[in-house]
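> could you work out the structure for the sequence below:
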Amino acid sequence: MMYSVFNQALLKQGWANPYEFAQHLTAMTDPFGIARATLQVQQSWISHPQWLSYHLLKLNADAWTVQWRAWERYCGVPREDDESSDTDARFQDPAWEETPYLAVIKDYYVLLTRWLEDAISETPDTDEKTQERAAFWMHQMLDAAAPSNFFWLNPIAVRQFFESNGESVVRGLKNLLADTRAKTIRMTDTEAFSVGDNLANTPGQVVYRSPLFELIQYTPQTEQVHSTPILFVPPWINKYYILDLNERKSLVNHMVKQGFSVFLISWKNPDSSLRDTSWEDYMFKGVLEAAQVAKDIAQVPQLHAAGYCIGGTLLTTVMAWLNADGAKEQDNPFSSWTNLTTLVEFSNPGEITTFLDETSLRFIDEIMAQKGYLEGQSMADSFRMLRANTLIWHYYVHNYLYGEELPKFDVLYWNMDSTRLPEKMHSFYLREFYLNNKLAQAGAFTFGERKIDLGQISQPLYDVSTLQDHIAPWTQTFKKMALLNSPVRHVLASSGHIMGIVSPPVEPPKRHYWVGDATNATDAQAWLDGQEQISGSWWEDWAQWLAEQCGDQQAPPSMGNAQYPALESAPGSYVLEH
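Predicted coordinates:
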């Protein structure tokens, strides 16, 4: 009787059955599985009391070691290991070792942190995904609880307070108020940069505008250019100018100076009117439409396409569509292509999977359904949580506890200049690429009446991964080699997802890379073991490779034409939208 009444009540509220309501309730109360994963780990340990007892005894023994060391410090007993071997940047100030009460707090924090992390990773009878999820969220809490995050426990904060006669606290409060208005912990001085002024300032013209993108054609800087232009397909999770930061750090400017004609897609920052924009729209009304305009302006049959991050994933999908059964070779607008830190095989895409399962995706879908898009800040916050110590708590401490001026760093400004993501596309991308890994499965996708099979792509590929990439791990991006039929020149660059790409040539060299043939390769480490480390920037190697792919030198094409006249100067309007 009660069940029937409950069921009827649910039906009146629009729920098909109790199970659907339960799914919704779970999605709203624990969308990222924090409680579920933590409880599973706890239950597993409780059900193995012997193993738990062993770990608790080990913790107790280590705690006695820490306590004994604390007593020696208080008594002034010299120790050979007084110099901390801990490389944690939070505890590098000498006071963390020299002041007994700070040293014991720090030592207990480090002990408990490592013990909890080890205990979670060694949880019996628990699957790896649950362990990873529990470890991630426990790490978030442990990072937040670090003694360095508390004013009176942070020796630098206290020292600066007294040395500045309290001015550091006043400055910290001002930073806090400014961040409250900005609704985020700022990482850089946002007043120091202006897009089109000291960012994204390579000369060019917007030669085409659609509801989805603007096409920028860059002004030639050499008397002659290679006959095949480059079309950049940047990500739309952030704005395009990571490829055009300033004259010294601009990959776009570098390629223009090397004698290439360069076109670039500047994506629209979507609002509610674009909520139904799909992955296919980005393919056909984005990449392929831009390619047709660029070909018409340059009066060439084909282009070289270069995709970065999700832009590379989109480009890979387009390349598979252009090579699918039923496609005509002469209709392919791309003779060769480049991928920069691009995932196409999503079986192990890194720490971002902590946020992704069916429950969390339903939660994200419900959020996007309210406005028709996902706020860019939500995605930015998710990526910052992957490196919470360096991308959140570092700035919390320096902005508020130390009251320091924010640094002026162009890459961080770009990182904070986030974009919205249209509902239909983003839901599809997260579910079908990250969760179901369909792009790697031949025939799993059908776009434009053609089945997608990466094994049918045969055009030469230049592929770049980065060694410390936590968004697109290089061993995962490398998996595309076994899926493609393209000849591949692969680069593994030092640094991470952003700074490994923003890697201009400098003297003396700051970076290094490994490069070599990776056609049909299946073992990332074996490939790396067979390459020599090269000092310098991979930009120079790419320019040499492109020179072979992009044809002979000739007079530059016109800037736009009668059909596609210049609309306004670069960087255009879409990149300025917030």
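> neighbours around Glu548, how many?
Residues lying near Glu548 (other Cβ atoms under 10 Å) number 10. Every residue, glycine included, has its C-beta placed from N, CA and C.
> likewise Leu173?
Neighbourhood size, Leu173 [other Cβ under 10 Å]: 12.
> contact partners for it?
By Cβ atoms under 8 Å, 6 or more residues apart in numbering, the contact set of Leu173 is Tyr400, Gly403.
> quick one, phi/psi of it?
The phi/psi pair for Leu173 (degrees, to the nearest 10) reads phi -70, psi -40.
> which helix runs longest in this structure?
Of all the segments assigned as helix in the chain under DSSP state H, the longest by residue count is helix 49-74.
> helices and strands around the following helix or strand past it, which ones?
Using DSSP states H and E, the helix or strand that follows helix 49-74 in sequence is helix 95-98. With contacts taken as 3 or more Cβ pairs under 8 Å, 6 or more residues apart in numbering; DSSP states H and E, helix 95-98 sits against helix 100-121, helix 155-163.
> rerun at 6 Å
In terms of contacts (3 or more Cβ pairs under 6 Å, 6 or more residues apart in numbering; DSSP states H and E), helix 95-98 is packed against helix 100-121.
> how far away is Leu215 from Asn154?
Distance, Leu215 to Asn154, using Cβ to Cβ, to the nearest Å: 50 Å.
> what do you get for Ser458?
For Ser458, the distance to Asn154 - Cβ to Cβ - is 58 Å.
> returning to that earlier point: now the longest helix of the chain against helix 100-121, angle please.
Comparing the axes of helix 49-74 and helix 100-121 via axes from the mean of the first three to the mean of the last three Cα atoms, to 10 degrees yields an angle of 160 degrees.
> and helix 49-74, which residues are buried?
Leu59, Asp62, Val66, Arg69, Ala70, Arg73 (16 or more other Cβ atoms under 10 Å).
> same deal with stretch 120-131?
Ile120, Thr123, Thr126, Thr130, Gln131.
> can you list contacts of that stretch?
Ala37, Gln40, Val41, Ser44, His48, Trp51, Ala134, Ala135 (Cβ atoms under 6 Å, 6 or more residues apart in numbering).
> any chance of those in JSON lines, plus secondary structure and distance to Trp337?
Listed next are the contacts of stretch 120-131 as JSON lines, based on DSSP: H, G, I helix; E, B strand; the rest coil; distance: Cβ to Cβ, whole Å:
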{"residue": "Ala37", "secondary structure": "helix", "distance to Trp337": "39"}
{"residue": "Gln40", "secondary structure": "helix", "distance to Trp337": "43"}
{"residue": "Val41", "secondary structure": "helix", "distance to Trp337": "44"}
{"residue": "Ser44", "secondary structure": "helix", "distance to Trp337": "47"}
{"residue": "His48", "secondary structure": "coil", "distance to Trp337": "52"}
{"residue": "Trp51", "secondary structure": "helix", "distance to Trp337": "52"}
{"residue": "Ala134", "secondary structure": "helix", "distance to Trp337": "40"}
{"residue": "Ala135", "secondary structure": "helix", "distance to Trp337": "37"}
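> of the residues you listed - the most surrounded one?
That'd be Ala134 among the contacts of stretch 120-131, by other Cβ under 10 Å, with 27 neighbours.
> pretty sure Pro556 is touching Gln224, no?
No. Between Pro556 and Gln224 there is no contact under Cβ atoms under 6 Å: 7.3 Å.
> show me where the stretch 151-300 of the chain has its helices.
Secondary structure of the stretch 151-300 of the chain, counting by DSSP state H, counting those that start in this stretch: helices at 155-163, 167-182, 251-257, 279-281, 288-298.
> roughly how far apart are the nearest residue to Ala327 once chain neighbours are set aside and Leu576?
Sequence neighbours aside, Arg450 is the residue nearest to Ala327 in space, at 6.7 Å (criterion: Cβ to Cβ, 6 or more residues apart in numbering). Noted for Arg450: a distance of 36 Å to Leu576, by Cβ to Cβ.
> next one: Tyr429
Separation of Tyr429 from Leu576 (Cβ to Cβ): 25 Å.
> okay, those two: which has more neighbours?
Taking neighbours as other Cβ under 10 Å, Tyr429 and Leu576 compare with Tyr429 leading, 20 against 15.
> chain neighbours aside, what residue packs nearest to that one?
Trp279 (6.4 Å).
> can you get me a residue count around that neighbour?
Using other Cβ under 10 Å, Trp279 is surrounded by 22 other residues.
> pLDDT value on it, please?
Per-residue pLDDT puts Trp279 at 98.
> isn't it up against Phe428?
Yes. Assessed by Cβ under 6 Å, Trp279 is found in contact with Phe428 at 5.3 Å.
> export the buried residues of stretch 120-131 as JSON lines, with columns for pLDDT.
Output for the buried residues of stretch 120-131, formatted as JSON lines (pLDDT from 0 to 100):
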{"residue": "Ile120", "pLDDT": "92"}
{"residue": "Thr123", "pLDDT": "90"}
{"residue": "Thr126", "pLDDT": "87"}
{"residue": "Thr130", "pLDDT": "86"}
{"residue": "Gln131", "pLDDT": "87"}
